[in-house]
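>>> Please find the sequence and the predicted model below.
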Amino acid sequence: MDSNLFAVPQRQSKIGILLIFLTRIFTLLKGFWAILAYFLFTKFSMSTLIYMLLGLALISILALIYSVVYYKNFLFHIDALKQEFVVEKGVFTKEKIAIPFDRIQQAYGYISVNTSGN
């Protein structure tokens, strides 16, 4: 097994973009639930409705852009010399988190065992 497998900084799966996007949308919905409830129970003219839909589209596009940039900036690797798991992340402020191996309590993984004799 290659010991340098995680030595090079790498990104998470591309599905991470979707998860980050959905998390951002959920956070926005939690923050603006009262305004959304007001809009649900109030009658609006067609022009007001169009502006609201344009606003929602703009917010969704901005959340998607944020998700892609966050995905691009999220890197992780193992520093074998310092014995650390390193995570680099951030959009507006970059953050580098180094977790020493002796501070990691548990890790789950799956190992495939080839018993076919090949």
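Done, it's in.
>>> Just give me the longest helix of the protein.
helix 46-73 (DSSP state H).
>>> what's the next secondary structure element after that one?
strand 75-79 (DSSP states H and E).
>>> give me phi/psi at residue 98?
As for residue 98, its main-chain torsions (degrees, to the nearest 10) stand at phi -120, psi 120.
>>> Hmm, it is touching residue 88, no?
No. Using CB atoms under 8 Å, residue 98 is not in contact with residue 88; the gap is 9.7 Å. The C-beta positions use only the backbone N, C-alpha and C, and glycine is treated the same way.
>>> residues contacting residue 84?
Counting by CB atoms under 8 Å, 6 or more residues apart in numbering, residue 84 touches 78, 98, 99, 100, 101.
>>> nope, residue 61 is what I meant
Residues near residue 61 by CB under 8 Å, 6+ apart: none.
>>> what does residue 7 give?
Contact analysis of residue 7 by CB under 8 Å, 6+ apart lists 77, 78, 79, 80.
>>> Pull out the buried members of these.
77, 78 (16 or more other CB atoms under 10 Å).
>>> In the contacts of residue 7, find the pair that's most separated.
For the contacts of residue 7, the farthest-apart pair by CB to CB is 77 and 80; their separation is 9.6 Å.
>>> Quickly find the element holding residue 107.
Applying DSSP H and E, one finds residue 107 in no helix or strand.
>>> lowest confidence element among the helices and strands of this protein?
helix 33-40 (a mean of 82; mean pLDDT, DSSP states H and E).
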